[in-house]
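**Q** sequence and computational prediction follow.
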Amino acid sequence: MIFDYIVNNFEKDEPFFLSELPGESKGYIRQEMKRLTDEGKLCRLYNGVYFLSYNSILGTKGKVSVDKYINKKYIKNGGSINGYITGMQLANMYGFTTQNPSCTEVCSNEATTKQRKFELDGRKIVVYKPPVKIDKTNVAALQFLDLMTNIDKYSELTGNELKRKLRDYVKNTKVDFKKVKKYISLFPDRVYKNIYSGGLMGELV
């Protein structure tokens, strides 16, 4: 039964796509999704995207995890790397700023336009089209170049403190500077200045 499969394979706040469900008949699966939604067992997020109906510990109607939706839709698709977090959230994640971003910015192969803005459950999301297709071999380099494009705008750190934090970032994310050299020309010219100011120019030469 499809509902048993959903309960056993997805967390209660985890969105899932029709393509993740077993069965060769898409028509049958869609009929089952409609029935389960009508019965209140599932909630429909978008066309073809659902999550389990549940109540929170406060007894209110449970919500989908926006972070899980972003990760599954735009960052990791079927085990393959499809995108990455960028913008202020990236700077916040690695300690360059304490500011909380007003929106989640993602660079993803799933983007069909240069930039798309939308809201999901009150969260603002911006999805950018990458300059080249993202995969596991280049994701660290592309994310690093995105970070360095605007690090002067986002970082609360300066001088040696910023340089130390950048070196920690490069080490933790395993940035390959051969890949950085390959893709740097696809990014704005200010990325060179920011890499120089960050004390990482030596890695490029």
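**A** Received the coordinates, thanks.
**Q** for the protein, give me the ranges with low pLDDT.
**A** By pLDDT under 70, the chain contains no weakly predicted segment.
**Q** show me where this protein has helices.
**A** Secondary structure of the chain (DSSP state H): helices located at 2-9, 26-38, 66-70, 87-93, 139-154, 159-173, 177-183, 190-197, 201-204.
**Q** so which of the ones you listed comes closest to Tyr46?
**A** Across the helices of the chain, Tyr46 has its closest neighbour in helix 66-70 (9.2 Å, CB to CB). Glycine gets a C-beta too; all of them are placed from N, C-alpha and C.
**Q** got the buried residues for stretch 5-18?
**A** For stretch 5-18, the neighbour count (16 or more other CB atoms under 10 Å) marks 6, 10, 13-16 as buried.
**Q** and if you look at stretch 152-159?
**A** 154-155, 157.
**Q** and those as a markdown table, adding distance to Lys61?
**A** A markdown table is the format used below for the buried residues of stretch 152-159 (distance: CB to CB, whole Å):
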| residue | distance to Lys61 |
| --- | --- |
| Tyr154 | 36 |
| Ser155 | 40 |
| Leu157 | 41 |
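**Q** who are the contact partners of the closest residue to Glu119 other than its chain neighbours?
**A** Closest residue to Glu119 apart from its sequence neighbours, by CB to CB, 6 or more residues apart in numbering: Ile125 at 7.0 Å. Ile125 is in contact with 66, 70, 103-106, 117-119, counting by CB atoms under 8 Å, 6 or more residues apart in numbering.
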